[in-house]
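Student: sequence and predicted structure, then a few things I'm wondering about:
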Amino acid sequence: MSQSYTVEEVAQLLRVSKLTIYDLIKKEELPIFRVGRQMRIDKNDLQSYIHQHKTGATTPTLATDKIVICGQDIVLDVLGKYLERALGRKVLRSHEGSFNGVLSLYNGECDIASLHMYDGDTNEYNTPYLKKILVSHAYVLLNLVQRQAGFYVQKGNPLAIHSVADISTKNATIINREKGSGARALLDEQLRTHHIAPTHVLGYTNEEASHIDVAAAVANKQADVGIGIEKTAKLVNVDFVPLITERYDIVLLKTVDNTALIEAVQAILQSDAFKAEVAALGDYDTAKTGQIMYETL
């Protein structure tokens, strides 16, 4: 059987970003096959691509007519659809978590980053983190939606998990999210402000890379509780215990080249058509959609 690579491994081999590889896949220049949800590239196909681009070739980069959005929520797909109509540019998705998405924006690897990172000291979302990460950039933070975040528990909530404290006192086994995700930030901040050491939480080091993977682990009884959003709980056979109303925002850099994109995004988010389509998905609050949550001078 021929050797194959993940997208991340190919990016490392070619010394380019993962977004570049996703772009090549999207344009069908680099064939893939799937193992479950994971995309893989056959070694022979990769060698063929390299051979075809040897003479006079340069390192592939993202085309300037593409818009790259980082984040996992389905609302970003809706935003992408509206942007393609408004600007006539292709929209690509990168399913990075909040922190990695903002880093991608900082490094010029995406155009729009979504985030939902809770700060326990200020009881605020996103702005405290951006002030530290994007310290050398001008940017605007816009609300996309508000949504409920909390715990996935098994049907009937057999351990009666209703708070962060219950996880520790009832010896519940948790399935965690990866470092840098918004859900992980929420859990870590809740544990910190409730003075619960991660070492006292069973399963704390067990991680999954998406809301649906966490919920599925709880449904399959691999864990008693997981952290995530309400929308996903309705897609998987688990119950949901609300913990907080979180602000899910998007951030864009303020540059001369980005002026048209920022204006288009604001117009879309504030439109009745966009809000109605998002509301129809269920479990999203659009009361603040399109509002500027923070903007640098």
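Tutor: Happy to help now that I have it. Since we're looking at a predicted model, the values are computed, not measured.

Student: residue ranges in the stretch 101-250 of the chain under the pLDDT threshold?
Tutor: Counting by pLDDT under 70, the stretch 101-250 of the chain contains no low-confidence range.

Student: where do the helices of it begin and end?
Tutor: 127-133, 164-169, 182-193, 211-219, 230-233 (DSSP state H, counting those that start in this stretch).

Student: turn those helices into CSV, including mean neighbour count and distance to residue 175.
Tutor: For glycine as for every other residue, the C-beta is placed from the backbone atoms N, C-alpha and C. Formatted as CSV, the helices of the stretch 101-250 of the chain follow (neighbours: other Cβ atoms under 10 Å; distance: least, Cβ to Cβ, whole Å):
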stretch, mean neighbour count, distance to residue 175
helix 127-133, 16, 24
helix 164-169, 18, 11
helix 182-193, 21, 11
helix 211-219, 23, 4
helix 230-233, 22, 13
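
Student: these into JSON lines, with extra columns for distance to residue 261?
Tutor: Formatted as JSON lines, the helices of the stretch 101-250 of the chain follow (distance: least, Cβ to Cβ, whole Å):
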{"stretch": "helix 127-133", "distance to residue 261": "18"}
{"stretch": "helix 164-169", "distance to residue 261": "39"}
{"stretch": "helix 182-193", "distance to residue 261": "23"}
{"stretch": "helix 211-219", "distance to residue 261": "27"}
{"stretch": "helix 230-233", "distance to residue 261": "27"}
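
Student: for residue 94, find the nearest of the ones you listed.
Tutor: helix 182-193 (15.1 Å; Cβ to Cβ).

Student: identify the residues contacting the closest one?
Tutor: With contacts defined as Cβ atoms under 8 Å, 6 or more residues apart in numbering, helix 182-193 is touched by 97-99, 115-121, 129, 149, 164, 174, 176-178, 197-198, 201, 211, 214, 227-229, 243-244, 246, 248.

Student: which one of the helices of the stretch 101-250 of the chain lies nearest to residue 24?
Tutor: Once the helices of the stretch 101-250 of the chain are compared by Cβ to Cβ, helix 211-219 is nearest, at 25.7 Å.

Student: hmm, who's touching that closest one?
Tutor: 72, 152-154, 175-177, 183, 208, 223-229, 231-233, 235-238.

Student: residue 293 is nearest to which of the helices of the stretch 101-250 of the chain?
Tutor: Using Cβ to Cβ, the helices of the stretch 101-250 of the chain put helix 127-133 closest to residue 293, at 6.6 Å.

Student: show me what the closest one is packed up against.
Tutor: Helices and strands touching helix 127-133, by 3 or more Cβ pairs under 8 Å, 6 or more residues apart in numbering; DSSP states H and E, are helix 98-106, strand 139-153, strand 292-295.

Student: rebuild these as a markdown table, extending it with mean neighbour count and distance to residue 15.
Tutor: Shown next, in a markdown table, are the helices and strands packed on helix 127-133 (neighbours: other Cβ under 10 Å; distance: least, Cβ to Cβ, whole Å):
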| stretch | mean neighbour count | distance to residue 15 |
| --- | --- | --- |
| helix 98-106 | 22 | 16 |
| strand 139-153 | 23 | 28 |
| strand 292-295 | 14 | 35 |
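
Student: among these, which is nearest residue 255?
Tutor: strand 139-153 (9.5 Å).

Student: mind giving me the packing neighbours of that closest one?
Tutor: helix 75-87, helix 127-133, helix 211-219, strand 225-229, helix 230-233, strand 239-253, helix 259-270, strand 292-295.

Student: what about stretch 87-95, average pLDDT?
Tutor: Stretch 87-95 shows a mean pLDDT of 92.

Student: give me the most central residue, the chain.
Tutor: Nearest to the mean C-alpha position of the chain, by Cα atoms, centre = their mean, lies residue 71 at 2.9 Å.
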